[in-house]
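S.K.: Here's my sequence, what's the structure:
(one chain, ligands or ions: 1)
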Amino acid sequence: MKILSCCLTRVLLLVAVALQFVDAQAIVETRFASRVSQQRLLTTVRELVKLGNRWGGTESGDRAVAYLERKFKSFGLHVEVIEEPERLVFTHTSWSLRVEEPKGLRRLIKNEWLAGFSPSVALTKAELVGLPPWEDLEDNSLKGKAILLESSLTDRQYQRLAEAGVSALLLISPRLPGAYTDWALIENLKASETNRVPLFNLSRNSGEALIAALERREKIVISFSALTKIGWGRPKTVVATLPGKRDSYYLICAHGDADSGGPGADDNASGVSGVVELARTLGGMVRTRLIPQPEHSIKFVVWGAEIYSTQHYVRSNADELEKIQAVLNYDEIGTGATRNCLYFESNDVEHNARLLRTLEQIGEEYVGKRGFWEEATTNPSQGGTDSYVFLPSWLRRLRVPEVEIPSVTIYTGAWNELKRLPQTEGWHSKAWKGPRDTVYVDFSAYYHSSLDIPERTTEREPFNMTWAVKAVGIALLRLAW
Ligand SMILES: [Zn+2]
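M.R.: The predicted model follows:
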């Protein structure tokens with residue numbers, strides 16, 4: 001009996017200690033979450049978008065770097081700016097596009113966008129015609145004409161039209177449900193100093209109005225101009241460090257450029273804003289001793305140019321990749337067209353399991369609570385963003401040691417249409433409201449477009465960024481301390 005009561009006391013004591021620990025952790029997480037400011041997140045996006053497209057190596061990119069340096073320093077963090085090798089970059093100072101004839105279409109052009117790497121051209125008037133069959137290109141009839149395109153060109157086709165002497169290209173956005181009706185998907189020309197013909201991206205509605213006019217055999221005359229600069233520039237990456245007890249570190253990142261060349265509020269000022277807000281809240285809690293110094297360091301990184309800068313970082317740190325505990329990358333955390341869901345990618349990578357199970361559990365614990373997400377899930381790899389550069393297949397390509405670095409992307413919408421992916425076996429989240437074996441990946445109707453602006457994305461769904469910051473912050477509080 002005595003032995004039994006002794007055991008019971010011990011068990012009770014252990015339970016009490018465990019509960020106390022759980023309580024303390026829950027309190028820290030609540031304190032952190034209450035410090036995340038939706039208002040600041042929105043302000044940062046607005047301020048970044050005002051700086052231009054933030055392409056690494058351009059003046060706009062440099063302005064964004066200076067802005068971020070200032071921010072991170074004001075949080076008391078150590079900041080380093082990495083200069084990367086030169087690459088060809090593009091800036092537009094101004095451009096114009098107008099329908100002159102027929103008069104009824106003069107107000108048509110609203111949310112169109114000049115393609116990156118378009119050459120400068122003086123104000124020019126030209127007749128707009130449809131694309132003739134490729135075999136009819138040689139007869140000189142296209143000289144000086146502007147061409148209306150219904151689908152993208154290959155580099156070879158672009159060269160052939162340039163050789164035929166066309167003066168401008170107008171490319172109509174694809175027809176996708178709910179996207180690009182009144183705004184333009186931005187496609188860029190190949191990065192080159194020798195492009196001869198400017199390309200303008202048109203919204204679907206503008207394009208269809210022009211097609212209809214051509215079908216009515218109306219003569220269309222447009223005027224256009226472009227003042228652009230194509231030259232060499234060095235992208236710059238900002239690294240702000242919250243030092244831990246060890247120099248192993250968690251890498252929290254986002255690409256700093258609007259890779260489409262447009263305003264890029266959702267893609268990816270939202271992600272950058274998330275990194276900044278995490279740095280502010282966690283850095284502030286350590287500085288004011290609300291929480292101790294973390295066990296592992298945390299590096300807050302904003303890449304100068306998506307993928308390009310990340311590859312440079314991996315190559316430069318090839319000898320100490322094993323110091324990276326995990327990579328958590330934000331890409332498009334500002335909007336979602338059909339769901340209010342927080343996604344954690346890539347659950348098909350085996351060594352991501354511990355990190356993703358932590359995020360999944362946080363997703364389940366907090367779902368539906370006031371100030372937290374309505375839905376959350378992990379999903380399989382889709383590719384195309386910075387977290388992939390840290391995975392073994394990419395490391396192999398870069399000829400650096402194939403260290404198994406857990407590397408995930410957090411987002412609320414990807415691409416420009418809804419995607420349906422088979423869920424990876426064993427990864428059904430209780431916070432997912434869709435079918436058990438399928439993930440519907442939400443999208444942005446403004447993806448890579450002329451209207452990826454705060455008013456259409458982050459301001460409409462301000463909660464998205466807040467959710468993404470809270471989820472990653474809580475994960476760090478569980479893993480890095
Ligand atoms: Zn992106």
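S.K.: and the closest residue in space to Arg35 that isn't next to it in sequence, what pLDDT?
M.R.: Computed as CB to CB, 6 or more residues apart in numbering, the closest residue to Arg35 that is not its neighbour in sequence is Thr281, at 4.6 Å. Any C-beta I mention is one placed from the backbone N, CA and C, and that applies to glycine too. Here, the pLDDT recorded for Thr281 equals 98.
S.K.: ditto for Leu4
M.R.: Looking at Leu4, its pLDDT stands at 52.
S.K.: was I right about the residue nearest to Arg35 contacting Val472?
M.R.: No: in this structure, Thr281 is not within contact of Val472 by CB atoms under 8 Å, at 10.7 Å.
S.K.: what about these two, which has more around it?
M.R.: For Thr281 versus Val472, the count of surrounding residues by other CB atoms under 10 Å is larger for Val472: 26 against 22.
S.K.: That one: which element?
M.R.: Using DSSP states H and E, Val472 sits in helix 463-479.
S.K.: Identify each buried residue in that helix, please.
M.R.: Neighbour-count burial for helix 463-479, counted by 16 or more other CB atoms under 10 Å, picks out 464-477, 479.
S.K.: Which elements pack onto that helix?
M.R.: Where contact means 3 or more CB pairs under 8 Å, 6 or more residues apart in numbering; DSSP states H and E, helix 463-479 is packed against helix 2-35, helix 38-50, strand 246-255, helix 271-287, strand 324-330, strand 341-345, helix 353-366, strand 407-411.
S.K.: Mean confidence (pLDDT) on it, please.
M.R.: 98.
S.K.: Taking strand 246-255 as reference, get the angle to it.
M.R.: In terms of direction (axes from the mean of the first three to the mean of the last three CA atoms, to 10 degrees), helix 463-479 departs from strand 246-255 by 170 degrees.
S.K.: Please export the C-alpha coordinates of helix 463-479 as PDB.
M.R.: The C-alpha trace of helix 463-479 is given here as PDB (Å, rounded to 0.1, in the frame of the first residue of the first chain):
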ATOM      1  CA  PHE A 463      -5.900  38.100 -41.800                       C
ATOM      2  CA  ASN A 464      -3.900  35.900 -44.100                       C
ATOM      3  CA  MET A 465      -0.500  37.400 -43.300                       C
ATOM      4  CA  THR A 466      -1.300  37.500 -39.600                       C
ATOM      5  CA  TRP A 467      -2.100  33.700 -39.600                       C
ATOM      6  CA  ALA A 468       1.100  32.900 -41.400                       C
ATOM      7  CA  VAL A 469       3.200  34.900 -38.900                       C
ATOM      8  CA  LYS A 470       1.400  33.300 -35.900                       C
ATOM      9  CA  ALA A 471       1.900  29.700 -37.200                       C
ATOM     10  CA  VAL A 472       5.600  30.100 -38.000                       C
ATOM     11  CA  GLY A 473       6.300  32.100 -34.800                       C
ATOM     12  CA  ILE A 474       4.600  29.400 -32.600                       C
ATOM     13  CA  ALA A 475       6.600  26.700 -34.500                       C
ATOM     14  CA  LEU A 476       9.800  28.500 -33.700                       C
ATOM     15  CA  LEU A 477       8.900  28.900 -30.100                       C
ATOM     16  CA  ARG A 478       8.500  25.100 -29.900                       C
ATOM     17  CA  LEU A 479      11.600  24.200 -32.000                       C
END
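S.K.: Going by mean pLDDT, which of the helices and strands packed on helix 463-479 comes out lowest?
M.R.: helix 2-35 (a mean of 75).
S.K.: just for the stretch 201-350 of the chain, where's the confidence low?
M.R.: The stretch 201-350 of the chain contains no residues with pLDDT under 70.
S.K.: Around the ion, pick out the residues from it.
M.R.: Within the stretch 201-350 of the chain, the positions near the ion by CB under 5 Å from the ion are Asp267, Asn268, Asp331.
S.K.: for stretch 160-170, what is the average pLDDT?
M.R.: On average, stretch 160-170 scores 96.
S.K.: How about residues contacting that stretch?
M.R.: For stretch 160-170, the surrounding residues in contact (CB atoms under 8 Å, 6 or more residues apart in numbering) are 97, 121, 124, 126, 128, 134, 137-138, 140, 142-149, 153, 158, 195-200, 202, 207, 210, 222, 224.
S.K.: Pull out the buried residues from those.
M.R.: 97, 121, 126, 128, 137, 142, 145-149, 153, 158, 195-200, 202, 207, 210, 222, 224.
S.K.: which residues of the stretch 51-200 of the chain fall in helices?
M.R.: Listed in chain order, the helices of the stretch 51-200 of the chain (DSSP state H, counting those that start in this stretch) span 59-74, 155-163.
S.K.: Identify, out of those, the most deeply packed stretch.
M.R.: Of all these, helix 59-74 has the most neighbours on average by mean count of other CB atoms under 10 Å, namely a mean of 19.
S.K.: now that helix, how far from the centre of its chain.
M.R.: 18 Å (CA atoms, centre = their mean, to the nearest Å).
S.K.: Around the ion, which positions in the stretch 51-200 of the chain sit nearby?
M.R.: Checking the stretch 51-200 of the chain against the ion by CB under 5 Å from the ion, there are no hits.
S.K.: Which one of the residues in the stretch 51-200 of the chain is closest to the ion?
M.R.: Arg54 (11.9 Å; CB to the ion).
S.K.: Would you agree that residue is in contact with Ala64?
M.R.: Yes: between Arg54 and Ala64 there is a contact under CB under 8 Å: 4.1 Å.
S.K.: Who are the contact partners of Gly244?
M.R.: Residues in contact with Gly244 (CB under 8 Å, 6+ apart) are Gln293, Pro294, Glu295, His296, Ser297, Ile298, Ala480.
S.K.: same thing with Glu80?
M.R.: Val238, Val239, Ala240, Thr241.
S.K.: now it: how far from Leu342?
M.R.: Distance, Glu80 to Leu342, using CB to CB, to the nearest Å: 30 Å.
S.K.: count of neighbours near the closest residue to Arg354 other than its chain neighbours?
M.R.: Distance criterion CB to CB, 6+ apart; nearest residue to Arg354, sequence neighbours excluded, is Pro406 at 6.8 Å. Residues within reach of Pro406, counting by other CB under 10 Å, total 24.
S.K.: do the same with His351
M.R.: Around His351 there are 14 other residues, counting by other CB under 10 Å.
S.K.: now it, what's its secondary structure?
M.R.: For His351, the assignment made with DSSP: H, G, I helix; E, B strand; the rest coil gives helix.
S.K.: which one's the longest strand in the chain?
M.R.: strand 87-101 (DSSP state E).
S.K.: re the thing from before, any idea which of the helices and strands packed on helix 463-479 gets closest to Glu455?
M.R.: Distance to Glu455, taken as CB to CB, is lowest for helix 38-50 among the helices and strands packed on helix 463-479, at 9.5 Å.
S.K.: Would you map out the domains in the chain?
M.R.: Here the domain parsing of the chain from automatic domain parsing is 36-85+234-479, 91-229.
S.K.: Please identify the most buried of those.
M.R.: domain 36-85+234-479 (a mean of 21).
S.K.: from memory Asp247 sits against Glu295, does it?
M.R.: No: using CB under 8 Å, Asp247 makes no contact with Glu295, being 11.2 Å away.
S.K.: For Pro406, give me the pLDDT.
M.R.: 98.
S.K.: what's the span of stretch 284-302 from first residue to last?
M.R.: Stretch 284-302 stretches 19 Å from its first residue to its last (CA to CA, to the nearest Å).
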